[in-house]
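A.B. asks: Predicted model and sequence below, questions to follow.
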Amino acid sequence: MVTSKIKLKGFSLIELLIVIAIIAVLVGFGYANYQNYIKNTNQERVKVKLQNMAINIETQTLNYKKVTNIPINQIGFNGLNTTNDGSFLFPPSDALYQIRIEPLSSDGKIGGDNWQLTATPIDGVSKTNNEVVSIDYQGILCITVDTKKECNP
């Protein structure tokens with residue numbers, strides 16, 4: 001009687017389960033980091049939008065001679081969707097923030113020299129850090145989280 005020993009090559013079930021568990025942990029960390037990246041990117045986009053609008057206000061002040069003569073469609077609100085309370089949604093395709101300028105006159109112009117642009121995250125949207133971003137007539141950019149306010153001139 002001849003017996004032969006055949007050695008099978010491959011991975012055991014335990015080895016495969018360990019590799020799958022390691023991959024699952026790495027994917028979990030990667031997804032969390034990706035979500036934070038998306039939130040930070042959206043916050044940067046709204047900061048840049050507010051800064052561009054502030055620059056437009058300063059530029060249009062030269063054309064209209066007074067801040068209070070500037071129609072809001074001249075500062076970058078055109079193309080944005082309007083809400084019932086006079087604020088605008090940004091970005092237009094997948095709104096994450098409501099942008100408002102204060103004070104605003106009833107005829108759609110900036111209502112005073114001491115204006116402020118504020119971007120507030122829309123409730124229930126998970127792609128933001130829930131940070132309120134604002135910039136004022138002096139160019140001071142502020143980020144408010146809960147009650148903590150951080151400003152950069």
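C.D. replies: Done, it's in.
A.B. asks: my guess is Gly124 is in a helix, correct?
C.D. replies: No: using DSSP: H, G, I helix; E, B strand; the rest coil, the secondary structure at Gly124 is coil, not a helix.
A.B. asks: strand partners of the helix or strand of the chain with the lowest mean pLDDT, parallel vs antiparallel please.
C.D. replies: Here the helix or strand of the chain ranked lowest by mean pLDDT, DSSP states H and E is strand 81-82, holding a mean of 81. Strand pairing for strand 81-82, determined by DSSP bridges: strand 88-90 (antiparallel).
A.B. asks: so how far is the strand it pairs with off the chain centroid?
C.D. replies: 11 Å (CA atoms, centre = their mean, to the nearest Å).
A.B. asks: same check, this time on stretch 13-31
C.D. replies: That offset, for stretch 13-31, works out to 32 Å (CA atoms, centre = their mean).
A.B. asks: How about stretch 86-100?
C.D. replies: Centre to centre, stretch against its chain (CA atoms, centre = their mean), the figure for stretch 86-100 is 10 Å.
A.B. asks: Identify each buried residue in that stretch, please.
C.D. replies: Neighbour-count burial for stretch 86-100 flags 87-90, 95-100 (criterion: 16 or more other CB atoms under 10 Å). The C-beta positions use only the backbone N, C-alpha and C, and glycine is treated the same way.
A.B. asks: Do a quick rundown of the strands in the protein.
C.D. replies: 81-82, 88-90, 97-102, 116-121, 132-136, 141-145, 148-152 (DSSP state E).
A.B. asks: In the buried residues of stretch 86-100, find the pair that's most separated.
C.D. replies: For the buried residues of stretch 86-100, the maximum inter-member distance is 14.4 Å, found between Leu96 and Arg100 (CB to CB).
A.B. asks: mind checking the end-to-end distance for stretch 100-113?
C.D. replies: 15 Å (CA to CA, to the nearest Å).
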